[in-house]
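Visitor: kindly return the folded structure for what I paste below:
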Amino acid sequence: MTSRWTTADIPDQTGRTVVVTGATSGLGLATARALAQAGARVVLAVRDPARGEAAAAGLPGEVEARHLDLADLASVRTFADAWSGPLDVLVNNAGIMMVPEGRTADGFELQLGTNHLGHFALTNLLLPHVTDRVVTVSSTAHRMGTIDLTDLNWETRRYSAERAYGQSKLANLLFTLELQRRLTAAGSPVRAMAAHPGWSATNLQGRTENRLKDAVMALGNRVVAQSAEQGALPTLFVATADLPGGSYAGPDGPMEARGYPTLVGRTATASDLDLAARLWAASAELTGVDLPASLPTRA
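Guide: The predicted model follows:
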């Protein structure tokens, strides 16, 4: 495999089905487009059905949009309950970044609820259908994250949008770690993977409602950031390349801010098996969803 992996390296995806969350713009749309161009049937799991249908209409091949609001567990269950047939790849891409304090429909802190708990529930509800892999999009911001199991939803701590985002992105990696451990223990061939896009210019930035912070992000998007298409490459890499379960990919450039996909490291906290298991237990309790009892096993 070359060090400059591109969409040209994506194997033929004909006959495969992929769900991409948050696919109306940015990284999700770029991911969906590349997979559709490679022949996959792609389902865009989106909060805004009208925007989803417009995005689907602009993509080649067999693409459809279905409603999914990750900030509402009832919506997550409705999406999962309606699924039938095999699902080769689930791409947990949707996310929000450094937004003002808010709550999901179920009372979770908005960033944790959307970025982690919604995807945690969705993944476990869909796992009986998944045949190949689950890809979860994290961030280099996991490095500034900490997990406070006594106050995951920022009910007693003074809220920090940056720290809450870091916690949610660290949770993504711990979720991937524990999911892979559980899949392996169950004898399942399904792989749990993670990726981060470096600094990519998308509409994820600029939602802080703080003029100075939004201006700094806008400047970074112009000066530092790579395109959404380039930022989607690590996700596409772990979604389609022959890699071991638990792989984590990001850009190969300085500070992993931009470049071509490669396997990257993570913090010691993001590799903490005990913390990953305890976060899983807390997430299962909060969402009422856990690893399904029956999973596909290796022949």
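Visitor: now the longest helix along the chain: buried residues?
Guide: The longest helix of the chain (DSSP state H) is helix 161-185. If you call a residue buried by 16 or more other C-beta atoms under 10 Å, then helix 161-185 has these buried ones: 161, 163-183. (Glycine included, C-beta is placed from N, CA and C.)
Visitor: roughly how far does G245 sit from T176?
Guide: Distance, G245 to T176, using C-beta to C-beta, to the nearest Å: 9 Å.
Visitor: correct me if wrong: L173 contacts T140.
Guide: No. Contact criterion C-beta atoms under 8 Å: L173 and T140 do not qualify, at 10.9 Å.
Visitor: which parts of this structure are strands?
Guide: For the chain, the strands defined by DSSP state E occupy 17-21, 41-46, 63-67, 87-92, 130-137, 191-195, 248-251, 261-263.
Visitor: which strands or helices does the first one pack on?
Guide: Same thing as strand 17-21. Judged by 3 or more C-beta pairs under 8 Å, 6 or more residues apart in numbering; DSSP states H and E, the packing partners of strand 17-21 are helix 26-37, strand 41-46, strand 87-92, helix 118-126.
Visitor: quick one: mean pLDDT over the last one.
Guide: When pLDDT is averaged along helix 118-126, the result is 98.
Visitor: number the chain from 44, please
Guide: Yes, from this point I'll number from 44; that puts the last item at helix 161-169.
Visitor: what's next to that helix, contact-wise?
Guide: 62, 64, 111, 113-114, 116, 119-120, 122-124, 126, 130, 133, 135, 137, 147, 177, 179, 215, 218, 222, 326-327, 330, 332-335 (C-beta atoms under 8 Å, 6 or more residues apart in numbering).
Visitor: and if you look at the longest one?
Guide: Contact partners of helix 69-80, identified using C-beta under 8 Å, 6+ apart, comprise 50, 53, 56, 61, 63-66, 85, 87, 98, 102-106, 134, 136-137, 180, 240, 243, 245-247, 270-272, 274-275, 278-279, 282-283.
Visitor: got the helices and strands packed on strand 60-64 as CSV, with distance to E152 columns?
Guide: Listed next are these as CSV, based on distance: least, C-beta to C-beta, whole Å:
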stretch, distance to E152
helix 69-80, 22
strand 84-89, 22
strand 130-135, 18
helix 161-169, 12
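Visitor: and for G288 and T219, which residues touch both?
Guide: The contact sets of G288 and T219 overlap at A235, M236 (C-beta under 8 Å, 6+ apart).
Visitor: can you list contacts of stretch 278-285?
Guide: Stretch 278-285 is contacted by residues 44, 48, 50, 52-54, 56, 61, 70, 74, 77-78, 81, 132, 134, 136, 176, 178, 180, 236-238, 240, 286, 290-292, 304 when judged by C-beta under 8 Å, 6+ apart.
Visitor: ok, of those, which come out buried?
Guide: Neighbour counting by 16+ other C-beta under 10 Å classes 48, 50, 53, 56, 61, 70, 74, 77-78, 81, 132, 134, 136, 176, 178, 180, 236-238, 240, 286, 290-292, 304 among the contacts of stretch 278-285 as buried.
Visitor: any figure for the gap between V142 and A336?
Guide: Counting by C-beta to C-beta - V142 and A336 are separated by 36 Å.
Visitor: then T278?
Guide: Separation of T278 from A336 (C-beta to C-beta): 30 Å.
Visitor: okay, these two: which has more neighbours?
Guide: More crowded of T278 and A336, by other C-beta atoms under 10 Å: T278, with 30 against 7.
Visitor: apart from its neighbours in sequence, what residue is nearest the more buried one?
Guide: A238 (4.5 Å; C-beta to C-beta, 6 or more residues apart in numbering).
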